[in-house]
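**Q** Build the 3D model from these lines:
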Amino acid sequence: MITVKLIGMPSCRRYQRMRENTIREAERLGISIQLDEISDTEQLSEFNPLSLPRLYIQDKLVASQNPPAPQDIIQALQQAE
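**A** Model prediction:
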């Protein structure tokens, strides 16, 4: 199982796109993921708000601020396998 960490506010459209794209590509590839979502205000204060949302796959930063292209997500998931 691959660990995916998503940091940001769920109400943010970029956060939602990162989440949807990651889940969709993992399902399409048949890869099981564990999605850890960090949206607690106290934990978010550790990050620069201008760098959020952030997407990590197996502790590797895949995207910061803007959602990655589906191909970037696919590549990161395949490398993490």
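**Q** show me what contacts the spatially closest residue to Pro53 that is not a sequence neighbour?
**A** Distance criterion C-beta to C-beta, 6 or more residues apart in numbering; nearest residue to Pro53, sequence neighbours excluded, is Gly8 at 2.9 Å. C-beta coordinates here come from the backbone N, C-alpha and C atoms, glycine included. Gly8 makes contacts with Arg14, Tyr15, Met18, Ile38, Ser39, Leu44, Leu52, Pro53, Arg54, as judged by C-beta atoms under 8 Å, 6 or more residues apart in numbering.
**Q** Over to Met1?
**A** Residues in contact with Met1 (C-beta under 8 Å, 6+ apart) are Ser32, Ile33, Gln34.
**Q** Can you check what pLDDT the model gives the first one?
**A** The per-residue pLDDT reported for Ser32 equals 96.
**Q** From what I see, it and Val4 are in contact.
**A** No - look at Ser32 against Val4 with C-beta atoms under 8 Å: they stay out of range, at 10.5 Å.
**Q** Return every residue with contacts to both of these two.
**A** With C-beta under 8 Å, 6+ apart, Ser32 and Val4 have common neighbours Ala26.
**Q** Between these two, tell me which one has more neighbours.
**A** Neighbour totals were compared for Ser32 and Val4, and Val4 leads with 25 against 9 (other C-beta atoms under 10 Å).
**Q** what helix or strand does that one sit in?
**A** Element membership for Val4, per DSSP states H and E: strand 2-7.
**Q** Name the residues that touch that strand?
**A** 15, 18-19, 22, 26, 31-39, 43-44, 47, 52-59, 77, 80-81.
**Q** name the helices or strands packed onto the next helix or strand after it?
**A** For strand 2-7, the following helix or strand on the C-terminal side (DSSP H and E) is helix 13-29. With contacts taken as 3 or more C-beta pairs under 8 Å, 6 or more residues apart in numbering; DSSP states H and E, helix 13-29 sits against strand 2-7, strand 33-38, strand 54-57, helix 70-80.
**Q** mind checking which helix or strand of the protein has the lowest mean pLDDT?
**A** Scoring the helices and strands of the chain by mean pLDDT, DSSP states H and E places helix 41-44 at the bottom, with a mean of 90.
**Q** Would you double-check that Phe47 falls in a helix?
**A** No - read with DSSP: H, G, I helix; E, B strand; the rest coil, Phe47 is coil and lies in no helix.
**Q** Good, we can wrap up now.
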